[in-house]
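**Q** need a structure here:
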Amino acid sequence: MNARAHQVSRDRQTDLLARARRDGFVISETSAERLSCIKLNTKGLLARDPKAADKWYLTDKAAAEHPPEAEPAGSAERTIIRRRIDSIDSADRLRVVDQAAVEALKPSIREHGLKTPITVQGKPSDERVTLCAGKHRLEAMRQLGEELIDCFHEDVDDLDRELWEIDENLIRSELTPADRALFVARRKEIYLLKHPETAHGGDRSSRQVGDLLSARRFSAATAEATGQSERAIQRDASRGERITEMALHLVRGTRLNSGAFLDRLKTVAEDKQVLYVKAALDDEKRKAAEVKENRRALSEVRHAVRLTHMAHVTANGAATAGQVAHKFPIIYADPPWKFGVHSEVTGREKSPENHYPTMTTHEICALWEQIGSPAKQDSVLFLWATNPMLPDALSVMAAWGFAYVHHWIWDKEVAGTGYWGRDRHELLLIGRRGNPAAPLPGSQPQTVHRETKGRHSAKPAFFAETIERLYPDMPRLEMFCRDPRPGWTAWGFEAKAEGEVA
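**A** Got it, this is the predicted structure:
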């Protein structure tokens, strides 16, 4: 293994130890990383998870060492030199900075400092140097307001510096097929410039034949340096060599950036490839416009169907949603909250209106004035509320004459959507009016119940059954009922006619 291959192996081990120190473990995702983890294991720095072959933990020995021990690069030890960030040139890079990657690095650097130094081209005594590897680490330190950064200095030429950047990206980044084609093709150009004896064709002297026998083939050398398979390297090199650079740049960042499209593109004559890509991009835009128009038309149809459904449900259930003739000590309510949307046509495709009529918060607050209060002077209210409607639910509880005392939680096990957080639970608020009896000591349920959600808006039977257990002999009213339960009085637009209704 030459000095540069030693250095790539050393950098890989340093990176693996830094990831393990940051996250508590590291996953070896490639054959090269797996080999480096095995080497670190033999040094007593990583321990393999007995149940997951590619999961490794930092040992006590490694945790006590700083900076992490890594494989020596022959006889030349690297020294960490701290230098000013503004003395490092990093503009001429093959890839632009991914701000998301920079943001992901900031918390760790802010808390623990920079664990893995960057690598620069030049000597420690040089006034200015050029970045070889670590663009995102450098940018994170710059954005955090740091003035100095730890560096490894490498006295290499421009081709070696470019190779360093290419290999770092091929090893660590999630590159697209077009990126890989560009990088591997450029790596092959550099490799053949540095190792012309490995190129095919031409007359060779006896010495050149001897050099060729000892030189590594490009695909094998690149596979070892980057941890990729030779077959993948050969595939990417073929795409990069047979597709023009302009065509590849046009493909980057588009829906066409796939291996299948690149394999079709490389069969097109080079002078026609840019036109071919532009035509394909125009076709993609046309298809996207058609999909958008079809979605809009479908939304209008669904909107009309939804309105018809709402009118049907309201008309058929009106008989069970009139005045309440009795009063109850226990009331269980799941109001049909109306959520705000940006568009009445497209914004309510997944809204409650697809399943039942909804009411505004003001309408729910004023409901008991219209139907007559169904609550006894001493009574308990169990009121369902979602996270964004919590203030509305508390307003309804107060309008109905109840004071909040507690709540239970339904954990749906699977997170949904949300603006400030992905909701995976709903709240069952508990309010009291007058002086009702609280549950007997020791009979109270735990406040969190976990159960996967079923059909839209349907609540687990567990909660109604718990209320039955706590108040077995008391009359109970379920408001906004869809499926009446035995032993309950039902009120609501969807309460079945055959059930007992208020």
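**Q** which strands and helices sit next to the longest strand that the chain contains?
**A** Determined from DSSP state E, the single longest strand within the chain is strand 375-385. Judged by 3 or more CB pairs under 8 Å, 6 or more residues apart in numbering; DSSP states H and E, the packing partners of strand 375-385 are strand 328-333, helix 390-399, strand 425-433. C-beta coordinates here come from the backbone N, C-alpha and C atoms, glycine included.
**Q** Show me which positions of the first one end up buried.
**A** It stands for strand 328-333. By 16 or more other CB atoms under 10 Å, the buried positions in strand 328-333 come out as 328-333.
**Q** what's the closest of those residues to residue 381?
**A** residue 331 (5.0 Å; CB to CB).
**Q** dump the residue contacts of that closest one.
**A** Counting by CB atoms under 8 Å, 6 or more residues apart in numbering, residue 331 touches 374-375, 379-382, 476-479.
**Q** My reading is that residue 149 lies in a strand. Confirm?
**A** Yes: under DSSP: H, G, I helix; E, B strand; the rest coil, residue 149 falls within a strand.
**Q** show me the contacts for it.
**A** 82-83, 85, 88, 114, 117-118, 137-138, 141.
**Q** Same check on residue 146?
**A** residue 85.
**Q** quick one, phi/psi of it?
**A** phi -80, psi 150 (degrees, to the nearest 10).
**Q** Residue 477 in helix, strand or coil?
**A** strand.
**Q** per-residue confidence at it?
**A** Here, the pLDDT recorded for residue 477 equals 93.
**Q** Check residue 92 too.
**A** 74.
**Q** ok, residue 422 - how many residues close by?
**A** 10 (other CB atoms under 10 Å).
**Q** for the one 10 residues further on, same thing?
**A** With neighbours defined by other CB under 10 Å, the count for residue 432 comes to 18.
**Q** so residue 240 is in which element?
**A** helix 230-242 (DSSP states H and E).
**Q** And residue 143, how close does it get to residue 106?
**A** Distance of residue 143 to residue 106, given as CB to CB, to the nearest Å: 7 Å.
**Q** cool, and residue 217?
**A** Distance from residue 217 to residue 106, by CB to CB: 41 Å.
**Q** what do you get for residue 41?
**A** Residue 41 is 31 Å from residue 106, by CB to CB.
**Q** What of residue 393?
**A** Distance from residue 393 to residue 106, by CB to CB: 38 Å.
**Q** pLDDT (mean, whole number) over the helix or strand where residue 298 lies?
**A** In the assignment (DSSP H and E), residue 298 maps to helix 273-317. Across helix 273-317, pLDDT averages out at 77.
**Q** cool, stretch 485-502 as well?
**A** 66.
**Q** Next, count neighbours for residue 278.
**A** Count around residue 278 with other CB under 10 Å applied: 12.
**Q** who does the nearest residue to residue 477 once chain neighbours are set aside bridge with?
**A** Nearest residue to residue 477, sequence neighbours excluded (CB to CB, 6 or more residues apart in numbering): residue 328, at 4.1 Å. For residue 328, the beta-bridge assignment (DSSP bridges) gives partners residue 375.
**Q** pLDDT at residue 328, what is it?
**A** Per-residue pLDDT puts residue 328 at 93.
**Q** Check residue 373 too.
**A** 90.
**Q** And it, how close does it get to residue 431?
**A** 14 Å.
**Q** Settle it for me: which of these two has more neighbours?
**A** Counted by other CB under 10 Å, residue 373 and residue 431 do not tie: residue 431 has more neighbours, with 25 against 16.
**Q** Now do the contacts for the more buried one.
**A** 380-381, 383, 397, 400, 402-405.
**Q** Out of the residues you listed, the closest to residue 181 would be?
**A** Comparing every one of the contacts of residue 431 with residue 181 (CB to CB), the shortest separation belongs to residue 383, at 59.6 Å.
**Q** quick one: the longest strand of the chain to chain centroid distance?
**A** Relative to its chain's centre, strand 375-385 lies at 41 Å (CA atoms, centre = their mean, to the nearest Å).
**Q** who's in contact with it?
**A** Against strand 375-385 from outside (CB under 8 Å, 6+ apart): 327-335, 368, 392-394, 396-397, 400-402, 426-436, 459, 463, 467, 471.
**Q** Tell me the buried residues in it?
**A** 375-376, 379-385.
**Q** And the strands in the stretch 101-250 of the chain?
**A** Assigned by DSSP state E, counting those that start in this stretch, the strands in the stretch 101-250 of the chain fall at 118-121, 129-133, 148-154.
**Q** Flag every buried residue along the helix holding residue 240.
**A** 232-233, 235-240, 242.
**Q** quick revisit: how about TSV for the contacts of residue 149, with distance to residue 226 added?
**A** Shown next, in TSV, are the contacts of residue 149 (distance: CB to CB, whole Å):
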residue	distance to residue 226
82	29
83	28
85	28
88	24
114	24
117	21
118	19
137	19
138	21
141	26
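**Q** Tell me the buried residues within these.
**A** Using 16+ other CB under 10 Å, the buried members of the contacts of residue 149 are 83, 85, 88, 114, 117-118, 137-138, 141.
**Q** Give me the nearest residue to residue 54, chain neighbours excluded.
**A** Per CB to CB, 6+ apart, closest to residue 54 is residue 28, 4.6 Å.
**Q** In contact with the one you found, which residues are there?
**A** Going by CB under 8 Å, 6+ apart, the list of residues near residue 28 reads 16, 34, 36-37, 54, 56.
**Q** State the distance from residue 231 to residue 222.
**A** Distance from residue 231 to residue 222, by CB to CB: 12 Å.
**Q** Next: residue 432.
**A** 73 Å.
**Q** Kindly report the same for residue 374.
**A** In terms of CB to CB, residue 374 sits 77 Å off from residue 222.
**Q** before we move on, the earlier item: nearest to residue 195, of the buried ones among the contacts of residue 149?
**A** Residue 195 lies nearest to residue 118 out of those, by CB to CB, at 27.1 Å.
**Q** what pairs with that closest one across the strands?
**A** Applying DSSP bridges, one finds that residue 118 bridges with residue 151.
**Q** The residue nearest to residue 336 when sequence neighbours are not counted: how many residues sit nearby?
**A** Excluding the flanking residues, the one nearest residue 336 by CB to CB, 6+ apart is residue 358, at 4.5 Å. Close neighbours of residue 358, defined as other CB under 10 Å, add up to 17.
**Q** hang on, residue 358 packs against residue 338?
**A** Yes: using CB atoms under 8 Å, residue 358 is in contact with residue 338, at 4.0 Å.
**Q** Run through the residues that contact residue 151.
**A** Here residue 151 is in contact with 80-83, 88, 117-120, 129 (CB under 8 Å, 6+ apart).
**Q** got the domain boundaries for the protein?
**A** Taking automatic domain parsing as the reference, the chain has its domains at 1-73, 321-491.
**Q** show me where pLDDT drops low in this structure?
**A** 1-8, 31, 65-78, 172-173, 197-216, 303-323, 340-356, 456, 493-502 (pLDDT under 70).
**Q** Now the two most distant members of the contacts of residue 431.
**A** Pairwise distances across the contacts of residue 431 (CB to CB) peak at 14.1 Å, for the pair 400 and 405.
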